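Enquirer: quick one, what's the 3D model for this:
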Amino acid sequence: MKKILIVEDDSDLYSLVQYNLEKEGFTVCGTQTGKGAMDLCRRQRPDLVLLDIMLPDSDGLDLCKRIRGDEQLMNVPIIFLTARASETDRIVGLELGANDYIVKPFFVRELIARIRLQFRGQNAPTRVLSAGGIELDRDSRQVRWNGSPVALTATEFRLLEHLMGRSGVVFSRDQLLDAVWGHDRAITDRAVDVYILRLRQKIEPDPVNPALLHSVRGFGYTFEAR
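Expert: Below you'll find the model as predicted:
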């Protein structure tokens, strides 16, 4: 399921777009101000960003440049939704790295079609992730360690899948909570530590000296076979 992040200050438009995207099966998150939008992008790791240019507290063009300059986000498609309709505005937006430029008012069906166009041709996620003796099958939801099945809970599976699918990337506890437990959650970030410990006990030869699930002091965790 693709995740779309919306940065739009018009609350009515935000709600309209959110409703229609969710109806189409997308996961939606976002903000109505530019402040904190970059941090939200880093936490949520969206598959696509819908970005207004004229935000009350910042410039969407600047935010676009910052996303394109971020190593973790630089390849995320960006579609501008804006009332700025001149040819110059369009050219500037596209030259700064936007994938598409849609002028308000617009037809929701056209917006959805353009979003789907951005996802067309993207490589399907690898069905089986394999590293360090661990094989994770996304279709069957099964995990094997050196050929032997490993019994994981649904949450343990999602956590391991998220980390293995982005091997070498360091995630904070908040990022893992958002990705695995979702934005609406009633648990603390220390729950991540508990689940990492459980996973280590199930997939590490020596859980005290992990070879796969590594702690990064002061930040979070990463999966990397060393």
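
Enquirer: all contacts plus neighbour counts: C-alpha atoms, from now on.
Expert: Noted.

Enquirer: so where do the strands sit in the protein?
Expert: 3-7, 27-31, 48-51, 78-82, 100-103, 128-131, 134-137, 142-145, 148-150, 171-172, 213-216, 220-223 (DSSP state E).

Enquirer: take those and lay them out in CSV including mean pLDDT, mean neighbour count and distance to K202.
Expert: Below are these laid out as CSV (pLDDT from 0 to 100; neighbours: other Cα atoms under 10 Å; distance: least, Cα to Cα, whole Å):
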stretch, mean pLDDT, mean neighbour count, distance to K202
strand 3-7, 96, 23, 30
strand 27-31, 94, 17, 31
strand 48-51, 96, 25, 34
strand 78-82, 94, 24, 39
strand 100-103, 93, 19, 45
strand 128-131, 91, 16, 15
strand 134-137, 94, 20, 11
strand 142-145, 93, 18, 9
strand 148-150, 93, 13, 7
strand 171-172, 88, 20, 21
strand 213-216, 94, 18, 11
strand 220-223, 92, 21, 14
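
Enquirer: so can I have CSV of those strands showing distance to L61?
Expert: Compiled in CSV, the strands of the chain are given as follows (distance: least, Cα to Cα, whole Å):
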stretch, distance to L61
strand 3-7, 12
strand 27-31, 16
strand 48-51, 9
strand 78-82, 9
strand 100-103, 12
strand 128-131, 37
strand 134-137, 40
strand 142-145, 43
strand 148-150, 47
strand 171-172, 27
strand 213-216, 33
strand 220-223, 31
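
Enquirer: wait, which of the ones you listed is closest to E161?
Expert: strand 134-137 (7.2 Å; Cα to Cα).

Enquirer: distance from the chain centre to that closest one, please.
Expert: 21 Å (Cα atoms, centre = their mean, to the nearest Å).

Enquirer: contacts for it?
Expert: R127, V128, L129, S130, Q142, V143, R144, W145, N146, G147, E161, I203 (Cα atoms under 8 Å, 6 or more residues apart in numbering).

Enquirer: redo those residues as TSV? Include distance to E71.
Expert: What follows is the contacts of strand 134-137, written out as TSV (distance: Cα to Cα, whole Å):
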residue	distance to E71
R127	25
V128	25
L129	23
S130	24
Q142	31
V143	30
R144	32
W145	31
N146	33
G147	35
E161	21
I203	30
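
Enquirer: helices or strands up against the helix or strand bottoming out on mean pLDDT in the chain?
Expert: For the chain, the helix or strand with the lowest mean confidence is helix 173-176, at a mean of 86 (criterion: mean pLDDT, DSSP states H and E). Under the contact definition 3 or more Cα pairs under 8 Å, 6 or more residues apart in numbering; DSSP states H and E, helix 173-176 sits against helix 37-44, helix 190-203.

Enquirer: try it again with 10 Å
Expert: Counting contacts by 3 or more Cα pairs under 10 Å, 6 or more residues apart in numbering; DSSP states H and E, helix 173-176 packs against helix 37-44, helix 154-164, helix 190-203, strand 220-223.

Enquirer: which pLDDT value belongs to T155?
Expert: Per-residue confidence (pLDDT) for T155: 89.

Enquirer: so who does it touch?
Expert: With contact set as Cα atoms under 10 Å, 6 or more residues apart in numbering, T155 has these partners: E161, V180, W181, Y195.

Enquirer: now do the contacts for the residue nearest the centre of the chain.
Expert: Centroid-nearest residue in the chain: R45, 2.3 Å away (criterion: Cα atoms, centre = their mean). Counting by Cα under 10 Å, 6+ apart, R45 touches K3, I4, L5, D39, Q72, L73, V76, Q175, D178, A179.
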